[in-house]
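> Predicted model follows, preceded by the sequence.
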2 protein chains.
Amino acid sequence: MPGQTRKRKGREPPLRTLEEEVFLQLQRTADVLLQRLEGALKTAGLSPTQYNVLRILRGAGAQGLACQRIAERMVTRDPDVTRLVDRLEVRGWVTRIREKRDRRVITVCITRAGSDLLRTLDKPVVRMHGRQLGHVSERKLRSLIKLLEQARGSQ
Amino acid sequence: MPGQTRKRKGREPPLRTLEEEVFLQLQRTADVLLQRLEGALKTAGLSPTQYNVLRILRGAGAQGLACQRIAERMVTRDPDVTRLVDRLEVRGWVTRIREKRDRRVITVCITRAGSDLLRTLDKPVVRMHGRQLGHVSERKLRSLIKLLEQARGSQ
DNA sequence: TGACAAATATCGTTATAACGACTATTATGT
DNA sequence: ACATAATAGTCGTTATAACGATATTTGTCA
């Protein structure tokens, strides 16, 4: 990691600020936890992003969702929903429909196969999250959520 | 987001657990803060990962660091340090030396140009982090760090 | 109505990440 | 000393992300 505290001759790199420390811890923790999810999804051939989109679509139900609405709800931004959906469509997990009312809009729906796939993942994913964070008390988890919300609140 | 609470006919998706909620908040917050860093680094043509490696190398000083040591210290894992270093080398920010003592090892050092580049970024990055998290009290930031450490402690 | 702006999605291209296989070098054990 | 394993880094390939530019359709307003 950068920003050491020990002295060296010449110009030293600046000390790390508390804010930067938070940033680094956050990135590091997010990465570690993400790796676990990747592991749980690997058998299904899904990336975390693809999994996220399928779950969004499952939540949307039969009426589906426009691409832009999908983008808004994603955990991590991805400006190119088109190709993300492309891959899901090729594998038969979603379908696309061009809206008649507003022909600019494409509505995406999860298929039966997509729902089935998700269902096989529900329990493993919940278990994985349990193993991952089960050792932290509920009180602390709630506190963590609050702090995270605050941390990105200023955006 | 997936995992709604409202009822629907047929099988409903399972409710979201507290652990999963923490996971999602964590990913979301990490992503939002990362975007800010990307913005601050864009003028220099650096990605957050490249920036991270340069800072690691600055911290290592003149003696440099083996590729594997770099990988260990990175904020987010990247198994392919080779090509990451390739790009930095092409742009003149690092140099590579094959070690005589153990010829399997390549030691990477930051160049003067690399250090200069980092120095121009130091203040903007600190300021950016300040804007990003300055509205959260020091006490809360410290609490957040502790919780994040705990959250990934079980790995 | 017609010109122009805004919204929506798609696609071309380049850069980077991900996954393995591979090479070179050193350590280990008999 | 030699075969074998372990270590460190490189590279080939495929998939995905990032950045713009480009249709297409709809809304706005003079």
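Sure thing, it's come through.
> what's the burial count for the residue of chain A found nearest DNA strand D?
Nearest to DNA strand D, among the residues of chain A, is A:Arg103, at 3.4 Å (Cβ to the nearest atom of the strand). Backbone N, C-alpha and C define where each C-beta goes, glycine included. A:Arg103 has 8 neighbours, counted by other Cβ atoms under 10 Å in any protein chain shown.
> three-state assignment of it?
Here A:Arg103 is recorded as coil under DSSP: H, G, I helix; E, B strand; the rest coil.
> mind checking pLDDT for it?
On pLDDT, A:Arg103 comes in at 92.
> Tell me which residues touch A:Glu99, please.
With contact taken as Cβ atoms under 8 Å, 6 or more residues apart in numbering or on different chains, A:Glu99 is in contact with A:66, A:105-107.
> From B:Ala60, how far out is it?
From A:Glu99 across to B:Ala60, the span is 56 Å (Cβ to Cβ, to the nearest Å).
> Can you tell me the element A:Thr95 falls in?
Per DSSP states H and E, A:Thr95 falls inside strand A:94-98.
> And for A:Glu72?
Here A:Glu72 sits within helix A:67-73, counting by DSSP H and E.
> With adjacent residues omitted, what lies nearest to the residue positioned nearest the centre of chain A?
Chain A has A:Val75 as the residue nearest its centroid, 3.9 Å off, counting by Cα atoms, centre = their mean. Among residues not flanking A:Val75 along the chain, B:Gln27 sits closest, at 4.8 Å (Cβ to Cβ, 6 or more residues apart in numbering or on different chains).
> Do I have it right that the one you found meets A:Ala30?
Yes: B:Gln27 lies in contact with A:Ala30 (Cβ atoms under 8 Å); the separation is 5.5 Å.
> who has more neighbours, the two?
Set side by side, B:Gln27 and A:Ala30 show more neighbours around A:Ala30, with 26 against 22, by other Cβ under 10 Å.
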